[in-house]
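Colleague: Quick one, what's the 3D model for this:
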Amino acid sequence: MWPRIGGLRTLALGTPGELRTTLNTLVLSGVKTATAGLLTDEYAAENEELEHVGERLVLVDDDDKLIGVVEVTGVEVVRFADVSWDFARAEGEGDRSIEEWREGHRRYWARVGFPVDDDSQVVCIRFRLVSAGDGGISTGDLGT
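Modeller: So this is what the prediction gives:
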């Protein structure tokens, strides 16, 4: 089960360190409005349900501290080979083509122990930033 803060699931992007810092910066600057996960390797292994439209997630840093809150605006499960270029661009990671996005994600998931093929089921999540930084929500009801 994924950690919770204030009753909300956390969103820990990438792996701790430079990658997570970079991805979080992209979210906080409004460039990154989507992220992808693997249905069987990340959700099923953790016994987690898919996110749903309207759900709020706590964006966390390497120490699992709240740095922002995002609201899910879309969720779709597709084959790895069917992830759209529109979605890949929304991830905001600088890929110049869907092929470049696929190759980068293949390498990343293989590196963390989840090799993928064209039929791997990918959870494509779109979101919007609700609050961020020192002026953001840090206590109270994070769901409002």
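
Colleague: can you pull the contacts of Cys124?
Modeller: Contacts here follow CB atoms under 8 Å, 6 or more residues apart in numbering; on that basis Cys124 touches Ala34, Ala36, Gly74, Val75, Glu76, Val77, Val78, Val83, Phe87. C-beta coordinates here come from the backbone N, C-alpha and C atoms, glycine included.

Colleague: Spell out the secondary structure type for it.
Modeller: Applying DSSP: H, G, I helix; E, B strand; the rest coil to Cys124 yields a three-state assignment of strand.

Colleague: Stretch 76-83 spans what distance, first to last residue?
Modeller: This stretch, stretch 76-83, spans 10 Å end to end (CA to CA, to the nearest Å).

Colleague: so which of the contacts of Cys124 is the most crowded?
Modeller: Across the contacts of Cys124, neighbour numbers were computed from other CB atoms under 10 Å; Phe87 holds the maximum, 22 neighbours.

Colleague: Which of the contacts of Cys124 fall within helices?
Modeller: Assignment to helices by DSSP state H places the following of these there: Phe87.

Colleague: Could you export the contacts of Cys124 as a markdown table, including pLDDT?
Modeller: What follows is those, written out as a markdown table (pLDDT from 0 to 100):
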| residue | pLDDT |
| --- | --- |
| Ala34 | 98 |
| Ala36 | 97 |
| Gly74 | 98 |
| Val75 | 98 |
| Glu76 | 97 |
| Val77 | 98 |
| Val78 | 98 |
| Val83 | 98 |
| Phe87 | 98 |
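
Colleague: nearest to Gly7, of the contacts of Cys124?
Modeller: Checking those against Gly7 with CB to CB, the nearest one is Val75 at 19.5 Å.
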